[in-house]
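Visitor: This is a predicted model, with the sequence first.
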Amino acid sequence: MAITIRTAVQADLPALLALYGELHPSDTPLPPDRAGQIWREITAQSGRTVLLAEVDGVPAGTLDCTVLPNLTRGGRPFMLVENVVVGASVRRLGVGRELLAAAVDRARSTNCYKVQLLSRLTRDEAHAFYESSGFRQIAAGFRRYLD
């Protein structure tokens, strides 16, 4: 089994949407035109990269990472990681670990001082995975969802 990580491109959009469907099954799927418009906005953002993991050439997981400029920590940026998902059929095979490692490598290469991600409180298995990947639960996270 070969796991490869690369930057996603527009042709990967259907695979990304399928993975996001596993992440948020109750979401209504985006119409293709709207998804394409959002994809163009994402790729136009400086510092933002959607990584795609493939297992033997088949899309298997993704994460969205953004390097954000910062006026503290000596001006060093930080990375925010969102929308981490690995397809159910390939979980526990190292795909998520490779994705996170690629994000951390990207953060190091851009001189980030930290990589930050949030996870719902009820996801004990995901939290154990993040801890085993070198992340530590050292801060309280707050969200305010807007309808």
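Guide: Looks like it came in fine.

Visitor: Show me which helix runs longest in this protein.
Guide: Taking DSSP state H as the criterion, the chain has its longest helix at helix 95-109.

Visitor: So what's the model's average confidence on it?
Guide: In this model, helix 95-109 has a mean pLDDT of 96.

Visitor: Tell me the strands beside the very next helix or strand once past it, with direction?
Guide: Note on helix 95-109: by DSSP states H and E, the next helix or strand toward the C-terminus is strand 115-117. Here strand 115-117 has these sheet partners by DSSP bridges: strand 78-86 (parallel).

Visitor: For M79, report the pLDDT, please.
Guide: Looking at M79, its pLDDT is 97.

Visitor: Would you mind measuring from it to P25?
Guide: Distance of M79 to P25, given as Cβ to Cβ, to the nearest Å: 27 Å. Yep, even glycine has a C-beta here, placed from its N, CA and C like the rest.

Visitor: Tell me if I'm right that A53 and V84 touch.
Guide: No - the criterion here is Cβ atoms under 8 Å, and A53 misses it with V84 at 10.4 Å.

Visitor: re earlier: could you say what helices and strands the longest helix of the chain packs with?
Guide: Applying 3 or more Cβ pairs under 8 Å, 6 or more residues apart in numbering; DSSP states H and E, we find helix 95-109 packed against strand 3-7, strand 48-55, strand 58-68, strand 78-86, strand 115-117, helix 124-132.
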